[in-house]
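Engineer: Here is my input, please return the structure:
(chains A and B)
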Amino acid sequence: MLLLVLVLALLAVAIGAGFLGSLAGLGGGVIITPVLVVFFGIPFGDAVGASAVSVLATSTTAGAAYVHDHLTDLRIGNFLQVATVPGALIGAAATVFLARTSLVPVLLIVLGVVLISTVPGTIAMRHADAFAPIPTSPLSKRLRLRGAYFDQLNQRVVTYEGKRAKEALGVMFGAGLVAGLFGIGSGVLKVLALDRALRLPMKVSTATSNFMIGVTATAGVGVLFAGGLIFPMLAAPVALGTTTGSFLGSRLLPRMSNRLIRWVFVGILIALSVEVIIRGASSL
Amino acid sequence: MTAVPGIAELPPDPSFTPETYVRTALILRSGVIGFLVLSGVGMVIGLVESPGMTVSSLIGSSPFVNVGDPGTFLSSLASFQANALILLGVFVMVAVSVGRVVDAMGVFIRGRETILAVVCGVVVALLVFGLTVVASIVH
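Structural biologist: Presented below is the predicted three-dimensional model:
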């Protein structure tokens, strides 16, 4: 395949992934690695590198908008990054080493399982505000993990308090590890930690997750680049495409019902996961 | 940048003022714009320079050949090489990510929130550790 054809195809696919991912509330990065492996035949490590760059670009774009709108909790986001960054460093270093071994099929199977395991959380995201109340931990109180945002829909100020800081740190380390290993944002895991451990409002957890994904991806990108897994001409069209698609999706989001789109995206996610698992298993 | 409705009604945060939010958003946007411009230009140059290049030859080559060390990287940039321009865009975003954590550390120091300032310091140290020590190990 000629490079020109590949670049144009990658741009088109990445725009679609970014657009659908944005409307579904997941981010397009989650499907980039399997799409590059399954449809473009890109080696696993190189696909992870390109995907990590696209996640960095997309999350920084979305992060800027959320911060400007005061939906991001900068206090909580900056605090939890202390767990995601070491996770991402370990995950990315593991990918660099494992991508050179015969264990790539195992990584593909694990990637498929990870992607499928995010599906229930993705579907449950709509019910995330309905958890039972829990007490605020001493650490959360000491760090003043509380805040407020202005709800444009209901025209009122919503206040909240981060509950279980230590639990959130644990989940965030795992999210960082997965992000570094597979070049994905792990937004679903991060949002679940913010929802279930800290009990933040959905909008705040989504925005704060996006803010953290950028720094987490930075840790991974540096290691993947040093490991020779970031090919600029592969990463650029993927990152430009997902960023453009996400931007278009975020513009259309207020005018669209995202319920059907979320189910379509979940369907694509499941199909890709199964395909990746089959590929991995058949290569063992 | 347009004012966000309802911001004036929010309770004040001891460290993160509305100006901090505006500054952080500006830092992030500057990184995105820098990346999009540099990688977009780099991608077009790459396609113009090597229209007949195949995917297998791209993957088969090492990304370090042209931009492996700082001296070669700078000379590649000076001659507008595609890989160097795209990587500069990635580096801009990496720098923005590190910069915003440093900025948050400054905010916490000014607000005398010692624990969170230390936490941000640890994050910066981890990022620098990853970009230097871990990077040199996996290289």
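Engineer: going forward, measure contacts and count neighbours with C-alpha atoms only.
Structural biologist: Fine.
Engineer: quick check, the helix or strand hosting B:Leu74 touching chain A?
Structural biologist: In this structure, B:Leu74 sits in helix B:70-78 according to DSSP states H and E. No: with C-alpha under 8 Å from any C-alpha of the partner chain as the measure, helix B:70-78 is seen stopping short of chain A, the closest distance being 13.2 Å.
Engineer: in whichever helix or strand comes after that helix, what counts as buried?
Structural biologist: On the C-terminal side of helix B:70-78, the closest following helix or strand by DSSP H and E is helix B:82-110. Of the residues in helix B:82-110, those buried by neighbour count under the rule 16 or more other C-alpha atoms under 10 Å in any protein chain shown are B:82-94, B:96-109.
Engineer: Check the residues you listed one by one and keep those near chain A.
Structural biologist: Among these, the ones lying close to chain A by the criterion of C-alpha under 8 Å from any C-alpha are B:82-83, B:86-87, B:90, B:93-94, B:97-98, B:101, B:104.
Engineer: okay if I get the residues you listed as TSV plus distance to A:Ile76?
Structural biologist: TSV is the format used below for these (distance: C-alpha to C-alpha, whole Å):
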residue	distance to A:Ile76
B:Ala82	38
B:Asn83	36
B:Ile86	32
B:Leu87	31
B:Val90	26
B:Met93	22
B:Val94	21
B:Ser97	16
B:Val98	17
B:Val101	12
B:Ala104	11
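Engineer: so residue 31 is in which element?
Structural biologist: Reading this off chain A. Using DSSP H and E, A:Ile31 maps to helix A:29-40.
Engineer: my bad, the chain I had in mind was chain B
Structural biologist: Taking DSSP H and E as the criterion, the element that holds B:Gly31 is helix B:18-49.
Engineer: and the helix holding B:Leu74, what other elements does it pack with?
Structural biologist: In terms of contact count using 3 or more C-alpha pairs under 8 Å, 6 or more residues apart in numbering or on different chains; DSSP states H and E, helix B:70-78 is assigned the packing partners helix B:64-67, helix B:82-110.
Engineer: low-confidence ranges in the chain?
Structural biologist: By default, I'm working from chain A. A:1, A:24-28, A:121-132, A:253-259 (pLDDT under 70).
Engineer: you looked at the wrong chain, it should be chain B
Structural biologist: Residue ranges of chain B with pLDDT under 70: B:1-12, B:14, B:55, B:58-68.
Engineer: Closest to the geometric centre of it, which residue is that? Let me know.
Structural biologist: Nearest to the mean C-alpha position of chain B, by C-alpha atoms, centre = their mean, lies B:Met93 at 1.8 Å.
Engineer: now it: how far from A:Phe211?
Structural biologist: Applying C-alpha to C-alpha, to the nearest Å, one obtains 13 Å for the distance of B:Met93 from A:Phe211.
Engineer: And A:Arg142, by the same measure?
Structural biologist: Counting by C-alpha to C-alpha, the separation of A:Arg142 from A:Phe211 is 23 Å.
Engineer: out of these two, which sits in the busier spot?
Structural biologist: Shown here are A:Arg142 and A:Phe211; by other C-alpha atoms under 10 Å in any protein chain shown, A:Phe211 has more neighbours (27 against 9).
Engineer: Quick one: list the elements packing against the helix or strand the more buried one falls within.
Structural biologist: A:Phe211 is located in helix A:202-226, with elements delineated by DSSP H and E. Taking 3+ C-alpha pairs under 8 Å, 6+ apart as contact, the helices and strands that helix A:202-226 lies on are helix A:44-68, helix A:74-98, helix A:165-182, helix A:187-192, helix B:82-110, helix B:135-138.
Engineer: Go through these and pick out the most buried.
Structural biologist: Using mean count of other C-alpha atoms under 10 Å in any protein chain shown, the stretch among those with the greatest mean number of neighbours is helix A:44-68 (a mean of 28).
Engineer: Measure how it sits relative to helix B:18-49, angle-wise.
Structural biologist: With axes from the mean of the first three to the mean of the last three C-alpha atoms, to 10 degrees defining the directions, helix A:44-68 sits at 140 degrees from helix B:18-49.
Engineer: about what we covered before: give me the contact list for the helix holding A:Ile31.
Structural biologist: A:14, A:17-18, A:21, A:42-44, A:47-48, A:50-52, A:54-55, A:115, A:182-186, A:242, A:269, A:272-273, A:275-276 (C-alpha atoms under 8 Å, 6 or more residues apart in numbering or on different chains).
Engineer: Only C-alpha atoms, please: export it in CSV.
Structural biologist: Output of helix A:29-40 as CSV, limited to C-alpha atoms (Å, rounded to 0.1, in the frame of the first residue of the first chain):
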residue,chain,number,x,y,z
GLY,A,29,-8.6,6.6,21.0
VAL,A,30,-10.1,3.5,22.5
ILE,A,31,-10.6,1.9,19.1
ILE,A,32,-7.6,3.3,17.2
THR,A,33,-5.1,0.6,18.4
PRO,A,34,-7.3,-2.4,17.4
VAL,A,35,-8.4,-0.6,14.1
LEU,A,36,-4.7,-0.1,13.1
VAL,A,37,-3.9,-3.7,13.9
VAL,A,38,-7.0,-5.3,12.4
PHE,A,39,-7.7,-3.2,9.3
PHE,A,40,-4.3,-1.7,8.4
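Engineer: In it, which residues are buried?
Structural biologist: When neighbours are counted by 16+ other C-alpha under 10 Å, the buried residues of helix A:29-40 are found to be A:29-38.
Engineer: next one: it to chain centre, how far?
Structural biologist: Averaging C-alpha coordinates over helix A:29-40 and over its chain gives two centres that are 14 Å apart (C-alpha atoms, centre = their mean, to the nearest Å).
Engineer: cool, stretch B:17-34 as well?
Structural biologist: Using C-alpha atoms, centre = their mean, the distance from the centre of stretch B:17-34 to the centre of the chain it belongs to is 13 Å.
Engineer: so does it get close to chain A?
Structural biologist: Yes: for stretch B:17-34 and chain A, the contact criterion (C-alpha under 8 Å from any C-alpha) is met by B:21-22, B:24-26, B:28-29, B:31-32.
Engineer: Now that stretch: buried residues?
Structural biologist: By 16+ other C-alpha under 10 Å, the buried positions in stretch B:17-34 come out as B:18, B:20-34.
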